[in-house]
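Chemist: Pasting a predicted model and its sequence here:
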Amino acid sequence: MKQSKKAKKMGRNKRVKTPEDSIERNGMVLQLVSTQKISNSEAYARLNVDRNRIVIQAPISELAKANPEVYSALRATFKRKGNITGFTDECRAFCEKEPTASLMAKKKDEGALLDICKM
């Protein structure tokens, strides 16, 4: 049976199932923004990703880059079929604590993180 264009397009989008998927997706957006000097909105459109999902799941990649030790400990608690939204909330809680919060602010100023997280 022949697939429609819409079905083919939907097949290209990858669903985020693990924290690593979220980190990879945020990394692709960051790479486009930094290398091609385009806006976040343009990068989301080019990669065909939802802006709101990126913003909601940003604490995962921010914690992984700002404080890898805490992220590793937290990642060990995430189960294979775990809830990514619950994991995001746990990461956000650690991101709001002071040692990590100042590291994240510094990395955002340097351009190593996207400045999009809702706190």
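Modeler: Received the coordinates, thanks. Numbers count the residues shown, from 1 in each chain.

Chemist: Show me the shaky parts of this protein.
Modeler: Scanning the chain for pLDDT under 70 picks out 1-13, 117-119.

Chemist: Where is the longest helix in it?
Modeler: helix 19-36 (DSSP state H).

Chemist: I'd like the next helix or strand past it.
Modeler: helix 40-47 (DSSP states H and E).

Chemist: what's near enough to touch the nearest residue to L103 once chain neighbours are set aside?
Modeler: Nearest residue to L103, sequence neighbours excluded (Cβ to Cβ, 6 or more residues apart in numbering): A66, at 4.2 Å. For the C-beta atoms, the positions are set from N, CA and C on the backbone; glycine is no exception. Residues counted as contacts of A66 (Cβ atoms under 8 Å, 6 or more residues apart in numbering) are 95, 100, 103-104, 107, 113.

Chemist: quick one on the thing from earlier: also compute the angle for the longest helix of the chain relative to helix 40-47, please.
Modeler: 110 degrees (axes from the mean of the first three to the mean of the last three Cα atoms, to 10 degrees).

Chemist: Report all helices and strands that helix 19-36 contacts.
Modeler: Counting contacts by 3 or more Cβ pairs under 8 Å, 6 or more residues apart in numbering; DSSP states H and E, helix 19-36 is packed against helix 40-47, helix 51-66, helix 84-95.

Chemist: thinking again about what came up before, show me just the buried residues among the contacts of A66.
Modeler: 95, 100, 103-104, 113 (16 or more other Cβ atoms under 10 Å).

Chemist: Could you dump the residues you listed into JSON lines with secondary structure and distance to L74 added?
Modeler: What follows is the buried ones among the contacts of A66, written out as JSON lines (DSSP: H, G, I helix; E, B strand; the rest coil; distance: Cβ to Cβ, whole Å):
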{"residue": "C95", "secondary structure": "helix", "distance to L74": "11"}
{"residue": "T100", "secondary structure": "helix", "distance to L74": "11"}
{"residue": "L103", "secondary structure": "helix", "distance to L74": "15"}
{"residue": "M104", "secondary structure": "helix", "distance to L74": "15"}
{"residue": "L113", "secondary structure": "coil", "distance to L74": "17"}
